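S.K.: Generate coordinates for the sequence data below:
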Amino acid sequence: MADQEQADIRLALARLRQEHEDYDVAINAMITTGCDALRIQRMKKKKLGIKDKLTSLEDQIIPDIIA
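M.R.: Now for the predicted structure:
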């Protein structure tokens, strides 16, 4: 993998990690204020989608190790 491509992936990872953290804070605030359960579930689903993207990008950076 080229250095530039790896740098781009690392930048995307950093952005997704921040977005994931933002969703976490927002969900906790929604729970605290007693927001609608359906809205909270939707936010959790979006957060899970971000986590899946994070995992996918991390797999691209970390080489496969055959044990």
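S.K.: What is the longest helix along the chain packed up against?
M.R.: Scanning the chain for the helix with the most residues, using DSSP state H, yields helix 3-33. Counting contacts by 3 or more CB pairs under 8 Å, 6 or more residues apart in numbering; DSSP states H and E, helix 3-33 packs against helix 37-61. C-beta: built from backbone N, CA, C; applies to glycine.
S.K.: measure the closest residue to residue 17 other than its chain neighbours to residue 29 for me?
M.R.: Spatial nearest neighbour of residue 17, excluding adjacent residues (CB to CB, 6 or more residues apart in numbering): residue 54 at 6.6 Å. According to CB to CB, to the nearest Å, residue 54 and residue 29 sit 22 Å apart.
S.K.: Which of these two has more residues huddled nearby?
M.R.: Ranked by neighbour count (other CB atoms under 10 Å), residue 54 and residue 29 place residue 54 first, with 16 against 10.
S.K.: thought the more buried one was touching residue 15?
M.R.: No - using CB atoms under 8 Å, residue 54 is not in contact with residue 15, being 10.1 Å away.
S.K.: For the longest helix of the chain, give the mean pLDDT please.
M.R.: Mean pLDDT, helix 3-33: 95.
S.K.: the inter-axis angle of that helix versus helix 37-61?
M.R.: Note on geometry: by axes from the mean of the first three to the mean of the last three CA atoms, to 10 degrees, helix 3-33 and helix 37-61 are set 160 degrees apart in direction.
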